[in-house]
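In: Fold the following for me, if possible:
(one chain, ligands or ions: 2)
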Amino acid sequence: MLPQLYTGPGALRGRVYHRSMDRATEILRRVFGYSEFRGQQAEIVEHVCSGGDALVLMPTGGGKSLCYQVPALVRPGTGVVVSPLISLMQNQVDALHQAGVRARMLNSACTPEERDQTVRELLAGRLDLLYVAPERLTSQGMLDLLSRVQVSLFAIDEAHCVSQWGHDFRPEYLRLRVLAERWPAVPRVALTATATVETREEICSRLGLERARVFVSSFDRPNISYRIESRTSVGRQLAAFLSEHRGEAGIVYCPTRAEVDRRCADLTAAGIEALPYHAGLSDAVRAGHQRRFLMEEGVVMVATVAFGMGIDKPDVRFVAHTAMPQSVESYYQETGRAGRDGAPAVAWMVYGLQDVVQQRLRIARSDGDEAFRRASTRHLEAMLALCETAGCRRANLLAYFGERYVGPDGAVGVCGNCDTCLHPPETMDATVPAQKFLSTVARLDRERGQRFGAAQSVDILLGANTARIRRWGHERLTTFGIGRELSRPVWLALARHLLAAGALQVDADYGGLSLTPVGWEILRGDREVTLRRDIRQSASDRASRPRRAVEDLPQQDRALFEALREWRSATASEAGIPAYMVFSDATLREIASARPPDAAALGTVSGVGVVKLERYGPAVLERVRAAAAAEGSPATPPSTPS
Ligand code: ADP
Ligand code: ZN
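Out: Ligands and ions are numbered 1, 2, ... in the order given. Below is the predicted model:
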């Protein structure tokens with residue numbers, strides 16, 4: 001079998017290799033309009049073209065699709081792509097049609113006529129790519145149909161859906177093993193943006209890909225800027241953050257449906273184009289909102305995590321979290337929906353003590369067994385460490401996936417594009433305040449047999465005169481009023497930090513706090529506590545503020561860029577496709593600055609393939625000429641040297 005024969009990139013050098021790679025590069029240029037492969041794409045394409053199986057682990061926006069689309073066009077026959085969601089298939093098929101590729105899909109959304117036509121084209125060998133839902137692909141009828149045609153490759157997209165422990169588990173994916181048995185000579189490519197080693201191993205064993213070559217790209221998303229702040233007032237903080245992103249598409253993740261509705265109403269009142277998305281809305285409403293988010297520009301989706309897979313929109317400029325996700329893996333997946341197109345994007349989050357308490361309670365009260373609780377606790381602690389770190393967020397995030405991060409300046413663990421790198425936080429020795437706090441908690445627990453949440457201990461330390469203090473006689477505790485040197489927010493941050501560090505635990509019953517062995521060590525003076533002083537970043541902090549796409553352009557190109565965007569909007573809505581499918585922002589930007597005088601020059605712009613050139617070239621060139629005329633300087637004439 002081919003995968004066994006394959007012994008490395010040099011093995012196939014020779015005529016066959018050259019021919020298929022030449023062809024692959026030609027297809028990349030002619031069909032997709034790109035001048036070269038990116039990252040590991042070339043190696044993967046070469047491997048699959050020569051018949052090898054592959055497991056491709058690449059972050060969102062890394063360019064996974066080309067890894068099977070190009071080989072499917074190089075190899076004879078039809079490439080069969082398994083995809084879990086109809087919206088994902090539709091998206092890919094639409095984008096391929098824009099590039100002139102003969103792609104179709106078979107799923108429950110197709111009418112019988114469409115299905116018949118697709119089958120006819122398939123049997124006639126007139127399809128380059130066929131997208132199929134997993135349950136349909138593994139049906140007897142479909143397997144028999146496919147045995148009558150030539151299959152160039154099988155691509156299994158979102159391959160982590162085979163993982164029983166993941167959040168996207170699809171039982172139908174388990175049946176895909178049958179492909180290896182029935183088509184041992186057809187290459188199979190499994191692709192995912194999920195980074196953990198456990199998931200990788202599960203994918204290989206469950207899909208029968210033990211002999212596949214594994215391609216692991218760096219999971220770094222350099223264009224995403226990470227920012228994590230202490231939550232003081234979500235409404236105000238979110239408003240300040242969004243004021244930096246007017247007119248841009250983004251996602252705001254909230255922990256509950258009620259919060260989604262509340263935030264969405266606030267944003268709408270503030271004149272922001274915001275739409276809600278959660279499991280409490282009907283399928284039709286959800287689909288409608290998702291569609292508007294995809295098709296229109298500048299829509300903000302306010303959502304629970306129900307809004308997830310299938311958001312293939314490349315120009316999402318920010319992902320905001322109003323509370324902390326349950327794990328670093330979830331945080332990575334959710335924030336990863338920003339900036340697929342490679343342009344600057346922001347992952348912003350606020351979190352607070354309440355998140356830590358809530359999540360500890362969730363774990364303590366869950367029905368899961370001991371192993372499940374231990375795993376959940378580990379996940380939570382890694383997430384907290386990311387939030388509380390005084391070091392580089394990116395380095396911390398990538399370390400979680402086993403990657404050692406080296407920054408652009410060659411410095412280990414300094415990215416220059418996260419809040420802590422841009423504004424290194426001051427730290428303070430908080431051992432004594434920690435002892436005061438822990439001693440209050442311990443006294444309540446040991447002397448009085450009472451457990452309270454963090455707020456009560458903070459009130460005691462601050463010497464507050466509240467009804468709850470008087471009712472329980474807490475003004476008589478020896479720690480009453482001994483913490484007036486710090487403000488309430490600092491005490492709450494300290495409580496959060498102690499919970500994060502495992503010095504405190506939360507009761508499963510009432511959510512009261514008590515000390516852990518680590519807490520006792522701190523209290524006895526056997527352990528020190530360092531706390532990051534929270535830097536309060538103002539919204540107008542320009543140093544950390546990514547510029548908007550249009551601000552990135554030199555002044556003289558902006559008018560043309562805007563004119564092209566307007567033309568794109570109109571063209572896309574007429575064709576019923578999202579704007580980015582016509583041309584990406586990056587392509588429009590390049591056109592605005594290169595000002596191609598004729599079709600030949602336009603064809604060299606990245607993202608302009610032959611079909612798009614033919615379809616949109618005249619309109620685009622007209623805009624370029626109009627801009628030149630408006631400025632009074634003719635565009636570079638095609639033949640006369642300037
Ligand atoms: P993924 O599926 O890994 O999230 P996509 O396949 O959707 O990523 O690609 C992300 C974006 O990068 C798309 O807009 C795609 O057209 C673009 N892209 C992919 N490969 C290249 C390349 N070699 N050159 C330029 N752009 C590319
Ligand atoms: Zn950093």
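In: Surely residue 194 is in contact with residue 57?
Out: Yes. Assessed by CB atoms under 8 Å, residue 194 is found in contact with residue 57 at 7.5 Å. Any C-beta I mention is one placed from the backbone N, CA and C, and that applies to glycine too.
In: where do the contact lists of the two overlap?
Out: Jointly contacting residue 194 and residue 57 under the rule CB atoms under 8 Å, 6 or more residues apart in numbering are residue 200.
In: From what I see, residue 348 and residue 321 are in contact.
Out: Yes. With contact defined as CB under 8 Å, residue 348 and residue 321 form a contacting pair (7.3 Å).
In: Looking at those two, which one has more neighbours?
Out: Higher neighbour count among residue 348 and residue 321: residue 348, with 25 against 22, using other CB atoms under 10 Å.
In: Where does that one sit: helix, strand or coil?
Out: strand (DSSP: H, G, I helix; E, B strand; the rest coil).
In: which residues in the stretch 51-200 of the chain form strands?
Out: 54-57, 78-82, 103-106, 129-132, 151-156, 188-192 (DSSP state E, counting those that start in this stretch).
In: how about the fourth one: buried residues?
Out: Judged by neighbour count (16 or more other CB atoms under 10 Å), strand 129-132 contains these buried residues: 129-132.
In: Could you list the low-pLDDT ranges of the stretch 151-300 of the chain?
Out: Across the stretch 151-300 of the chain, the ranges flagged by pLDDT under 70 are 195.
In: Now for the residue in it positioned nearest to ligand 2: which residues touch it?
Out: Proximity of the stretch 151-300 of the chain to ligand 2 (CB to the ion) peaks at residue 226, 7.1 Å away. By CB under 8 Å, 6+ apart, the contact set of residue 226 is 335, 347, 393-394, 397, 417-419.
In: redo that, cut-off 7 Å
Out: For residue 226, the contact set (CB atoms under 7 Å, 6 or more residues apart in numbering) comprises 347, 393-394, 418-419.
In: sorry, back to before: make CSV out of the strands of the stretch 51-200 of the chain and add distance to residue 588.
Out: Shown next, in CSV, are those (distance: least, CB to CB, whole Å):
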stretch, distance to residue 588
strand 54-57, 29
strand 78-82, 28
strand 103-106, 24
strand 129-132, 27
strand 151-156, 29
strand 188-192, 28
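In: helices or strands up against the helix or strand where residue 446 lies?
Out: Using DSSP states H and E, residue 446 maps to helix 431-448. Judged by 3 or more CB pairs under 7 Å, 6 or more residues apart in numbering; DSSP states H and E, helix 431-448 is in contact with helix 454-462, helix 488-500, strand 513-515, helix 517-524.
In: Not counting sequence-adjacent ones, nearest residue to residue 474?
Out: Spatial nearest neighbour of residue 474, excluding adjacent residues (CB to CB, 6 or more residues apart in numbering): residue 460 at 5.2 Å.
In: Residue 500 touches residue 357, doesn't it?
Out: No. Using CB atoms under 7 Å, residue 500 is not in contact with residue 357, being 11.0 Å away.
In: Can you tell me which of the helices and strands packed on helix 431-448 has the worst average pLDDT?
Out: Lowest mean pLDDT within the helices and strands packed on helix 431-448: helix 488-500, a mean of 87.
In: If you count neighbours, what's buried in that one?
Out: For helix 488-500, by 16+ other CB under 10 Å, it's 490-500.
In: what angle sits between it and helix 431-448?
Out: In terms of direction (axes from the mean of the first three to the mean of the last three CA atoms, to 10 degrees), helix 488-500 departs from helix 431-448 by 70 degrees.
In: For residue 346, list each beta-bridge partner.
Out: Note on residue 346: beta-bridge partners residue 225, residue 318, judged by DSSP bridges.
In: Report the contact partners of it.
Out: 225, 227, 318, 338, 546.
In: By neighbour count, which of the residues you listed wins?
Out: In terms of neighbours by other CB under 10 Å, the contacts of residue 346 top out with residue 338 at 29 neighbours.
In: mind checking pLDDT for it?
Out: 95.
In: I'd guessed it sits against residue 314; true?
Out: No. Residue 338 lies out of contact with residue 314 (CB under 7 Å); the separation is 10.1 Å.
In: What's the local residue count around residue 115?
Out: With other CB under 10 Å as criterion, residue 115 counts 14.
In: Could you check the pLDDT of it?
Out: The model reports residue 115 with a pLDDT of 94.
In: so who does it touch?
Out: With CB under 7 Å, 6+ apart, residue 115 has these contacts: residue 106.
In: circling back: quick one, which of the strands of the stretch 51-200 of the chain is nearest to ligand 1?
Out: Of all the strands of the stretch 51-200 of the chain, it is strand 188-192 that lies closest to ligand 1, at 7.4 Å by CB to the nearest ligand atom.
In: how near is the residue located most distally from the centre of the chain to ligand 1?
Out: Residue farthest from the centre of the chain, counting by CA atoms, centre = their mean, is residue 476 at 51.5 Å. From residue 476 across to ligand 1, the span is 61 Å (CB to the nearest ligand atom, to the nearest Å).
In: Could you find the closest non-adjacent residue to whichever residue of the stretch 51-200 of the chain sits closest to ligand 2?
Out: Using CB to the ion, the single residue of the stretch 51-200 of the chain nearest to ligand 2 is residue 59, 16.7 Å away. Once flanking residues are discounted, residue 59 sits nearest to residue 219: 4.9 Å by CB to CB, 6+ apart.
In: Just confirm the one you found contacts residue 402, I think it does.
Out: No. In this structure, residue 219 is not within contact of residue 402 by CB under 7 Å, at 9.3 Å.
In: Would you mind telling me which of these two has the busier surroundings?
Out: Between residue 219 and residue 402, counted using other CB under 10 Å, the more crowded position is residue 219 (22 against 11).
In: Check the burial of the residue nearest to residue 474 by counting its neighbours.
Out: Neighbours of residue 460 under the rule other CB under 10 Å: 28.
In: same thing with residue 141?
Out: Neighbours of residue 141 using other CB under 10 Å come to 8.
In: can you check residue 99 too?
Out: Around residue 99 there are 18 other residues, counting by other CB under 10 Å.
In: I'd guessed it sits against residue 610; true?
Out: No. Using CB under 7 Å, residue 99 makes no contact with residue 610, being 8.8 Å away.
In: wait, which of the contacts of residue 226 is closest to ligand 1?
Out: Among the contacts of residue 226, and counting by CB to the nearest ligand atom, the member closest to ligand 1 is residue 347, at 15.8 Å.
In: Please name the residues that touch the residue positioned nearest the centre of the chain.
Out: By CA atoms, centre = their mean, the chain has its centre lying nearest to residue 336, at 1.6 Å. Contact analysis of residue 336 by CB under 7 Å, 6+ apart lists 59-60, 193, 221.
In: mind redoing it with 10 Å?
Out: Residues near residue 336 by CB atoms under 10 Å, 6 or more residues apart in numbering: 59-62, 193, 195, 219, 221, 224, 316, 319, 345, 347.
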